[in-house]
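Chemist: A predicted structure for the sequence below; I have some questions about it.
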Amino acid sequence: MNITIRDATIEDIDSILTIQKKAYLFQAKKYDDYDMAPMIETVDEVKKVLKSHIILVAVIDEQIVGSIRLIKTGAEAEIKRLSVDDDWQGNGIGHMLMDVVELQDQSIKRLWLLTGSKSYRSINMYKKFGYKLYKEETHKDYTLVFLEKILTD
C-alpha cells in the first residue's frame with residue numbers, strides 16, 4: 001500500500017468534506033451535537049481555509065483517504081479536522097498525517113488542538129505524539145480538552 005501525503009487542491013474539497021463528515025459523525029453522536037463545525041462546514045469555508053492555511057490529504061491509488069489542517073498564527077498553529085475514511089482506519093494514516101503536518105513550518109514553536117473529553121482514543125493518540133493537556137472548557141453540555149506540544153530546535 002503506497003500512501004502519499006500532499007497539499008490539498010480545490011478539486012479535493014468535496015472528498016475532504018465527505019470523509020470529514022463521515023469521520024466526525026461518530027463524535028456528533030457521542031456528544032449529541034450534530035451542529036459541530038466539522039459536520040456543517042461548507043465548500044466555500046474550506047476554500048477560504050485553503051487559500052490562507054495548510055490542508056494536507058492522504059492519497060492511496062489516486063483516492064483521498066484522509067486529511068488534516070494546520071492553522072498558523074505567528075509562531076504557533078492549531079491542528080484541526082484530522083479525518084480518515086472509515087474504510088482505511090487502522091492503517092496508520094492518521095499517524096502519517098500528524099507526522100507530516102508537524103514538519104510543515106519550522107518557524108512554529110507550539111502546536112495545539114482540541115477534542116471532546118470523551119474522545120479517549122484520540123486523546124491517547126495525541127498524547128503518544130507528545131501532546132499534553134493544558135486546558136478544559138465547557139462547550140454546550142460537554143467538555144472540550146485542549147492539548148499542546150512545544151517544539152524545540
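Modeler: Good, I have the coordinates. Numbering: from 1, shown residues only.
Chemist: where exactly do the strands run in the chain?
Modeler: In the chain, the segments counted as strands under DSSP state E are 3-7, 54-60, 63-73, 76-84, 110-116, 132-139, 142-150.
Chemist: buried ones in the longest one?
Modeler: I take that to be strand 63-73. Neighbour counts over strand 63-73 (16 or more other CB atoms under 10 Å) mark I64, V65, G66, S67, I68, R69, L70, I71, K72 as buried. C-betas here are computed from N, CA, C, even on glycine.
Chemist: residue contacts, the third one?
Modeler: Pointing back at G66 there. Contacts for G66 (CB atoms under 8 Å, 6 or more residues apart in numbering) come out as I19, V57, A58, L82, S83, V84, D85, W88, I93, G94, L97.
Chemist: could you rerun that using 7 Å?
Modeler: I19, V57, A58, S83, V84, D85, W88, I93, G94, L97 (CB atoms under 7 Å, 6 or more residues apart in numbering).
Chemist: who are the contact partners of the second one?
Modeler: Neighbour list for V57: R6, A8, D12, I16, I64, G66, S67 [criterion: CB under 7 Å, 6+ apart].
Chemist: what's the mean pLDDT across the biggest helix by length in the chain?
Modeler: When the chain is parsed with DSSP state H, its longest helix is helix 13-31. Confidence for helix 13-31, expressed as mean pLDDT, is 93.
Chemist: residues of that helix that come out buried?
Modeler: Buried residues in helix 13-31 (16+ other CB under 10 Å): I13, S15, I16, L17, I19, Q20, A23, Y24, Q27, A28, Y31.
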